[in-house]
Every structure is written in C-alpha cells, then in structure tokens.
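A.B. asks: please work out how this folds:
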Amino acid sequence: MLKFFPIHHILPTMHNSQQNIVKKSIPIVYEDEAICIVNKPYGIPVQGGAHISVCLTEILSKQLRTEIFPVHRLDKETSGLLVVAKNASAARTCRTLFESRAVEKEYLALCFGSFEHSVNKKTLKPIPKEGIIDTPIMENGTPKSASSAYKLLAGTDAYSLFSVRLHTGRMHQIRIHLAGIGCPIIGDDKHGNFASNKQLWKTARIKKLQLCAYRLRFPIGGTLRLFTVPVPEHIQAAIDMLMPETICGLA
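C.D. replies: All right, here's what the predicted structure looks like:
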C-alpha cells in the first residue's frame, strides 16, 4: 500500500547523460570571480589520485581555464551541488564557511525500508517522520559527533524517499545514519544492504547510488542564497519505477 506524505518541492528530471557531460563540460550553477558552484555528475571523483583517469577538478580547470581548488567533498557516486574555488584565498574562505556551518546542504535519498518495517522486515519502534539522527560516526577508530536532520517525503511498504540536511560533515554520514534507522540508501555498496542491492539489480537493473546533493544555501555578498539542481536522471528513473504513484503526486 502506498503511503504519500506532503512534499514542498521536487525539481524536474535532468536529462543529460553523465557521458555527454564529461565529454562536453561540467554544468555550472553559479560563477563569480572567486567561486564556482557546479552540478557534479554521478561517477566522477572530485579530485585525482591513484587509478583515477578523470576527475572533476581537471575537467573544470580546462573548462574555465583556471586552477580549481576543491573546498568540500562529494563521494564519486553522489551527484549534485559542489562548491569549488578559483584561488587559494577563496578556498580558505569557503572552507571556513563550511566549518562554521554557515553553509546549508540538503540531500535527496531513495532508500530501502519504511517506517513500519526496516529493510529486513523487522518491526521498528515508532520513528518520527521528521527528526534528527545524532549517532556518532567512527573516524580513524574514534567516535565523532554527527547530526543529520531528516524528513520523510514519501514512502511505500518497501521504499522511502528522504530529504536530509547535514549539520556536520562526517564521511558517509547520510549513508551511515539512514542505514542505522533501517533505511539504507539504494545502491550503497559500503553501508547499505548488499542482498537487497543485488536483488534490485536483478529485478529492476537499479545499481547506482540513489543520493544527490540537490539543495545548497551559500552566502553570496552577505546573503544566504538558495541553489537547486534537478533530480538526476538515474534517481528519477528509480523513483518512477519503485514509487510511481508517489511521483504522480509530486508532479
């Protein structure tokens, strides 16, 4: 049975394929003399390294004909809004803004499980459809404070669609926190449900991580400006397949 919960805003689908974006350019959402906010495609690492043939900073540097300085991270498998700087001074300023929580990041996540049953079909204790997950996250063997504000946008007996706003920026924070409440992100091969991922690939050919940084509030000229991007094609396709009635309600 489909359970629909009100949603304020879901953006239209992005139709450009990752391959075409890589060959042509990285989509730019905002640019000035100091920074650039881009829509990072799925599957492209932000920075280079061992066994990495292409990365976003290299593509963008050639595209803008200037050196690019990353100021925060998105996983290779996560698409969406990313801020980069055009010089070292701007990079330091941006990193300070992120560290002081002056920047607000919001993600869209399509997950296994529901609030009545986890992905393992075990009955869960009642969980508010909107709240804070503050389970510490281990970093180098040490528990670190972490806080994620989640909101259930829509759900079925088997799947849930969340909006998650980060209050801290621990590695894989959203993936770990959602898995911890019994709703692992679809396609997560590190913290997700491997059996469910494998079954969904067999039945629906859905394999990519269903996580996108789709909203960003960033200070520009003393004003906290809101930037948004469309729901990526691979996530929209998965929602259309797994939660079709919900998508009709979101249109």
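A.B. asks: going by C-alpha atoms from here, please, whenever you check contacts or count neighbours.
C.D. replies: OK.
A.B. asks: could you give the bridge partners of residue 224?
C.D. replies: Counting by DSSP bridges, residue 224 forms beta bridges with residue 219.
A.B. asks: tally of neighbours for it?
C.D. replies: 14 (other C-alpha atoms under 10 Å).
A.B. asks: how about residue 190?
C.D. replies: By other C-alpha under 10 Å, neighbour count at residue 190 equals 10.
A.B. asks: do the same with residue 176
C.D. replies: 21.
A.B. asks: next: the one 5 residues further on.
C.D. replies: As a burial measure, the neighbour count of residue 181 was computed by other C-alpha under 10 Å and equals 17.
A.B. asks: report the contact partners of the nearest residue to residue 228 once chain neighbours are set aside.
C.D. replies: Excluding its sequence neighbours, the residue lying closest to residue 228 (C-alpha to C-alpha, 6 or more residues apart in numbering) is residue 215, at 4.6 Å. Neighbouring residues of residue 215 by C-alpha atoms under 8 Å, 6 or more residues apart in numbering: 81, 105-107, 226-229.
A.B. asks: now distance to residue 202, pLDDT and neighbour count too, for those residues, in a markdown table please.
C.D. replies: Formatted as a markdown table, the contacts of residue 215 follow (distance: C-alpha to C-alpha, whole Å; pLDDT from 0 to 100; neighbours: other C-alpha atoms under 10 Å):
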| residue | distance to residue 202 | pLDDT | neighbour count |
| --- | --- | --- | --- |
| 81 | 30 | 98 | 25 |
| 105 | 33 | 95 | 23 |
| 106 | 30 | 97 | 22 |
| 107 | 27 | 98 | 21 |
| 226 | 39 | 98 | 13 |
| 227 | 36 | 98 | 15 |
| 228 | 33 | 97 | 17 |
| 229 | 30 | 97 | 23 |
